[in-house]
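[1] missing the sequence, but the structure's below:
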Ligand SMILES: Cc1ncc(COP(=O)(O)O)c(C=O)c1O
């Protein structure tokens, strides 16, 4: 039976580039042998010290009648567990001096859901029939946003300026001169650190965006999935910001708890109330497990110590290893650059003049059991089809063990080297 789907149904159920890719990666993973080099996912690393803390917490919870009842046998209010929201607000006040209370906090089922709510709350068709958009000041941006708009024309984005920051290294900057914030822009959105590039927008760029948003009377959404205070995977100096016109999202995923699906929105009170209503309508309440596991660590501030002393050094070392391996393995065999690694879990590699598309390179690498993410998926919301850069990049995760990263980069070098001339 072929039931007709609504417009919204078709948008959500009709598949997406990223959905197909994740499916492809998932099947490749399921059918793979021991030689597979999985550099494609956004999976956080398994950090033994961190995993043992979760196991310890699960033991404590299972032995406590109160805690296990809270975690498993009750619905939280749609906004989130009051104890957890209070603890998060306290942590943000103490860490950064922000004037936030639990009325500024809403939980969601993962950061991904927070963005679905926020984008569709603020943009799309308005009651007066006009249409509003979410503006991404800089692409490449997080692939997970790309198919989230219930209105198909919901996103607008701009290409960045490229600064060459050292041998084989570059950094994207927002091109403020060409970034137009038209009257139909409902909100500005950035991830910081950015997935896929590891870019951390400078404090100056964030200040400038914040001023523009304030002047226009629109929110600035900052996706802090990898940022401070947790998991704190930032290798540079970057000041976290929040204000009455800023919506900041956090997540427990990159701390090592993606399975708990816990997203945290820090926002003006009316946005929090709206998110809470959306949670009630779509899901009644949020998963409690992540909130219950991390509550004492947030209350005591232990989560800050773990972020600073365990998680950050772990990924800093991984990043340094991956960069050194890329330099050694790619050498001068062909033209290449990597984005300056300032945070998150990825190296963003650019092969100027690549004679095939990044999707074709993905296919060739997959045939050799190396899984990466082709870069073109991260350029959405702009019609820059004539910009070759869009098709010359790939994202490589460095969260895996060193041997996998090194072997994967070696095969990437062989495939790209077979296609291009020496640099
Ligand atoms: C930048 C960014 N934002 C949001 C998410 C969503 O994460 P989650 O839904 O697991 O919190 C991810 C996941 O990889 C991400 O990289």
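    Right, received. Where do you want to start? Treat the numbers as computed from the prediction; the structure is a model and nothing was measured.
[2] For the rest of this, base every contact and every neighbour count on C-alpha atoms.
    Fine.
[3] Check which element follows the helix or strand bottoming out on mean pLDDT in the chain along the chain.
    Taking mean pLDDT, DSSP states H and E as the measure, helix 17-30 is the helix or strand of the chain with the lowest mean score, a mean of 77. Per DSSP states H and E, the first helix or strand lying C-terminal to helix 17-30 is strand 37-38.
[4] Give the buried residues for the helix or strand just after that following strand.
    Per DSSP H and E, strand 37-38 leads on to helix 48-63 as the next helix or strand towards the C-terminus. Buried residues in helix 48-63, counted by 16 or more other Cα atoms under 10 Å: 50, 54, 57-58, 61.
[5] Off-centre distance for whichever helix or strand comes after helix 48-63?
    Next helix or strand after helix 48-63 toward the C-terminus (DSSP H and E): helix 65-72. Here helix 65-72 is found 31 Å from its chain centre; the criterion is Cα atoms, centre = their mean, to the nearest Å.
[6] Any buried residues in helix 65-72, and which?
    By 16+ other Cα under 10 Å, the buried positions in helix 65-72 come out as 67-68, 70-71.
[7] just stretch 410-423 next, same as before
    Those would be 410-413, 416-417, 420, for stretch 410-423 by 16+ other Cα under 10 Å.
[8] Ok, stretch 79-93 next?
    79-81, 84-92.
[9] just to revisit the earlier point, closest to residue 320 among the buried residues of stretch 410-423?
    residue 410 (16.6 Å; Cα to Cα).
[10] Could you tell me which residues of the stretch 251-400 of the chain lie near the ligand?
    Neighbours of the ligand within the stretch 251-400 of the chain, by Cα under 6 Å from any ligand atom: 251, 253, 258, 263.
[11] So which of those sit within strands?
    Among these, the ones falling in strands (DSSP state E) are 251, 263.
[12] Serialize the residues of the stretch 251-400 of the chain next to the ligand to TSV and add fields for neighbour count, distance to residue 109 and pLDDT.
    Shown next, in TSV, are these (neighbours: other Cα atoms under 10 Å; distance: Cα to Cα, whole Å; pLDDT from 0 to 100):
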residue	neighbour count	distance to residue 109	pLDDT
251	29	9	98
253	22	11	97
258	17	10	95
263	26	6	98
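[13] out of the residues of the stretch 251-400 of the chain next to the ligand, what pair is the most spread apart?
    Maximum distance among those (Cα to Cα): 9.7 Å, for 258 and 263.
[14] Please identify every residue contacting each of those two.
    110, 252 (Cα atoms under 8 Å, 6 or more residues apart in numbering).
[15] ok, and what's touching the host helix or strand of residue 305?
    Element membership for residue 305 (DSSP H and E) is helix 302-306. The contact list for helix 302-306 (Cα under 8 Å, 6+ apart) reads 50, 229-230, 294, 297-298.
[16] Which pair of those spans the longest distance?
    With distance counted by Cα to Cα, no two of those lie farther apart than 50 and 229, which are 16.2 Å apart.
[17] Show me the residue sitting in the middle of the protein in space.
    Among the residues of the chain, the one closest to the centroid is residue 195, at 4.8 Å (Cα atoms, centre = their mean).
[18] Would you agree that residue is in contact with residue 144?
    No - look at residue 195 against residue 144 with Cα atoms under 8 Å: they stay out of range, at 9.5 Å.
[19] how near is residue 123 to residue 245?
    According to Cα to Cα, to the nearest Å, residue 123 and residue 245 sit 16 Å apart.
[20] Settle it for me: which of those two has more neighbours?
    Using other Cα atoms under 10 Å, the more surrounded residue of residue 123 and residue 245 is residue 123, with 23 against 18.
[21] Could you tell me which residues of the stretch 51-200 of the chain lie near the ligand?
    Residues of the stretch 51-200 of the chain lying near the ligand (Cα under 6 Å from any ligand atom): 110-112, 142, 191, 194-195.
[22] just to revisit the earlier point, going by distance to the ligand, which of the buried residues of helix 65-72 wins?
    residue 71 (19.0 Å; Cα to the nearest ligand atom).
[23] residues contacting that closest one?
    So residue 71 contacts 288-289, 292 (Cα under 8 Å, 6+ apart).
[24] so where is this structure shaky, pLDDT-wise?
    Within the chain, the stretches with pLDDT under 70 are 421-423.
[25] go again using 80 as the cut-off
    Counting by pLDDT under 80, the chain shows low-confidence ranges at 1, 14-26, 28-33, 384-385, 420-423.
[26] what are the ranges of the helices in it?
    When assigned using DSSP state H, the helices of the chain occupy the ranges 7-13, 17-30, 48-63, 65-72, 82-96, 111-122, 203-216, 269-283, 289-300, 302-306, 312-330, 358-367, 402-419.
[27] ok, now which ones touch the residue nearest to the centre of the chain?
    141-143, 344, 346.
[28] Nearest to the ligand among those?
    The ligand lies nearest to residue 142 out of the contacts of residue 195, by Cα to the nearest ligand atom, at 5.4 Å.
[29] Ramachandran coordinates for the closest one?
    phi -60, psi 120 (degrees, to the nearest 10).
[30] Report the contact partners of it.
    So residue 142 contacts 191, 194-196, 378 (Cα under 8 Å, 6+ apart).
[31] do the same with residue 111
    Contacts of residue 111 by Cα under 8 Å, 6+ apart are 225, 249-251, 261-264.
[32] still on that earlier bit, quickly name whichever of the residues of the stretch 251-400 of the chain next to the ligand is closest to residue 32.
    residue 258 (22.9 Å).
[33] out of everything not next to it in sequence, what's closest to the closest one?
    The shortest distance from residue 258 to any non-neighbouring residue, by Cα to Cα, 6 or more residues apart in numbering, is to residue 252 (6.6 Å).
[34] With adjacent residues omitted, what lies nearest to residue 255?
    residue 231 (5.1 Å).
[35] how about that neighbour, what does it touch?
    By Cα under 8 Å, 6+ apart, the contact list for residue 231 reads 225, 252, 254-255, 307, 311-312.
[36] For the residues you listed, pick the one with the most neighbours.
    Using other Cα under 10 Å as the neighbour test, these are led by residue 225, with 29 neighbours.
[37] what sits against it?
    Applying Cα under 8 Å, 6+ apart to residue 225 gives the contacts 111, 191-193, 231, 249-254.
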